[in-house]
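Novice: Can you look at this prediction? I've put the sequence above it.
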Amino acid sequence: MTRIPKPSFLRRQRLEQESLTLGFALIMALALAIASPAFLNSNNLASLQTSIAPNLIVALGMMTLFMIGRFDLSVGAVMGISGITTAIVLDSGYPMAVGIMAGLATGLAIGAFNGFMVACLKINHLIVTLGVLYMTRGVIEVIMVGAKLAGFTSFPPAFTAMGQWGLGGISGLFLFALLLCLLFELFLRLTFPGRSLLFLGGNPQAAEATGLNRPKIEFLAFMLSGGLAALAGILMTARVGMANRYMGEGLEMQIFIACLIGGGSIAGGKGSYLGALIGVMFIALLTNAFNLLTVPSEWQAVVIGAILVLVVVVDAIMVLRKSGRPWRTLFGLRPAHIGS
């Protein structure tokens, strides 16, 4: 009797793509440390922490959507308007708790709108969230008409302290994001609702047949995405001590790429929150490399765009392979109906 080989630890834990991306990130970090002495400078490491932390918080929500085969392109705009909402409330003299709740409520409300349009009205999530991105950016511009370039900068000391505290040279915001990521990963692996996300994304028909309520889960996932984007916006507003029209601009593509190379899939049924962390780290290191090596901004856009196209193509190929398509039929070399 032939003995079936035991799957590797990484395969059992569904962390093969995550480990590959982590390997590339470590190689990039080593190359940067050799190529640029400034990489290991304390200021540069602090800057890396500051860029990773809010992106990771947003990526946790995006990865949740990826698991069920959805994504949210409005997260950058939600991050921006939530920070501005908090700043306006604080600038009006209200207590810090009221300002934070107002910012969170803004993100949750936009997430609920996205969720309602997608889960209840069955409108394509790309169209909905892209439309919300433009609408929200338009609202931000209306709010900020006549405002100074720096935007709102008058905050209570306790609010700025919330974003600027640290421990042993490590940013408190970074530590909070890591703790949040750990809690989400434990939720994914140790609870039935967490495991059901991958089940719903990987086999929607079977998942719904077992009683999983897809519209409800989709709605809550979009609310979570909006709430986490709002939380990131509030914390970054506290961190930098200002809220302006530029916060979160272009962030959605960075988070989208980070989740894809971190193990997520547009088709759903894949992903982990650990992968979101690794993907965000990779993008942060890549951006840091651009800055340290003084790569022109136009070439930065070319590289980011090329990575996006590459990961989408690879993801599409993996989805086709999962469905049983032979390699030689994927690129039109042989019709799919001809036996392999």
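Specialist: Sure thing, it's come through. Numbering: from 1, shown residues only.

Novice: Every contact and neighbour count from this point should use C-alpha atoms.
Specialist: OK.

Novice: Pull the contacting residues for the nearest residue to I234 once chain neighbours are set aside.
Specialist: Spatial nearest neighbour of I234, excluding adjacent residues (CA to CA, 6 or more residues apart in numbering): G83 at 4.7 Å. By CA atoms under 8 Å, 6 or more residues apart in numbering, the contact list for G83 reads 103, 230, 233-234, 236-237, 243.

Novice: Could I get the full set of strands for the stretch 101-250 of the chain?
Specialist: Assigned by DSSP state E, counting those that start in this stretch, the stretch 101-250 of the chain shows strands spanning 166-167, 170-171.

Novice: So what's the model's average confidence on the first one?
Specialist: On average, the pLDDT along strand 166-167 is 88.

Novice: Show me what it pairs with in its sheet, parallel or antiparallel.
Specialist: Counting by DSSP bridges, the strands paired with strand 166-167 are strand 170-171 (antiparallel).

Novice: Could you list the residues in contact with the partner strand?
Specialist: Applying CA under 8 Å, 6+ apart, the contact partners of strand 170-171 are 46, 49-50, 164-165.

Novice: Filter the residues you listed down to the ones in helices?
Specialist: In helices, judged by DSSP state H, the following of the contacts of strand 170-171 are found: 46, 49-50, 164.

Novice: Could you tell me how far F152 is located from G93?
Specialist: Distance of F152 to G93, computed by CA to CA, to the nearest Å: 13 Å.

Novice: Could you give the number of residues near Q254?
Specialist: Close neighbours of Q254, defined as other CA atoms under 10 Å, add up to 18.

Novice: Mind pulling up the pLDDT for it?
Specialist: At Q254, pLDDT is 92.

Novice: Count the neighbours of the closest residue in space to it that isn't next to it in sequence for me.
Specialist: Nearest non-adjacent residue to Q254, counting by CA to CA, 6+ apart: I283, 7.1 Å away. Counted with other CA under 10 Å, the neighbours of I283 add up to 21.

Novice: Quick check: I283 touching L260?
Specialist: No: assessed by CA atoms under 8 Å, I283 is found out of contact with L260, at 11.2 Å.

Novice: can you tell me how far A31 sits from L293?
Specialist: Counting by CA to CA, the gap from A31 to L293 is 12 Å.

Novice: make that G168, sorry
Specialist: G168 is 28 Å from L293, by CA to CA.

Novice: Quick check: which ranges of the stretch 101-250 of the chain have low pLDDT?
Specialist: Low-confidence segments of the stretch 101-250 of the chain (pLDDT under 70): 149-150.

Novice: Quick one: the helices in it, in order.
Specialist: Under the criterion DSSP state H, counting those that start in this stretch, the stretch 101-250 of the chain contains helices at 125-143, 157-164, 172-190, 192-202, 204-209, 214-240.

Novice: Next up, phi/psi of the closest residue in space to R137 that isn't next to it in sequence, please.
Specialist: Leaving aside its sequence neighbours, R137 sits nearest to A77 (CA to CA, 6+ apart; 5.9 Å). Taking degrees, to the nearest 10, you get phi -70, psi -40 for the backbone angles of A77.

Novice: count of neighbours near A77?
Specialist: Residues lying near A77 (other CA under 10 Å) number 32.

Novice: again, but for S51
Specialist: 20.

Novice: For the closest residue to it other than its chain neighbours, list the residues it contacts.
Specialist: In this structure, S51 finds its nearest non-sequential neighbour in A284, 6.7 Å apart by CA to CA, 6+ apart. For A284, the contacting residues are 48, 51-52, by CA under 8 Å, 6+ apart.

Novice: which residues are in contact with stretch 293-303?
Specialist: So stretch 293-303 is in contact with 36, 290, going by CA under 8 Å, 6+ apart.

Novice: typed the wrong thing, it's stretch 136-146
Specialist: Contacts of stretch 136-146 (CA under 8 Å, 6+ apart): 77-78, 80-81, 151, 244-245.
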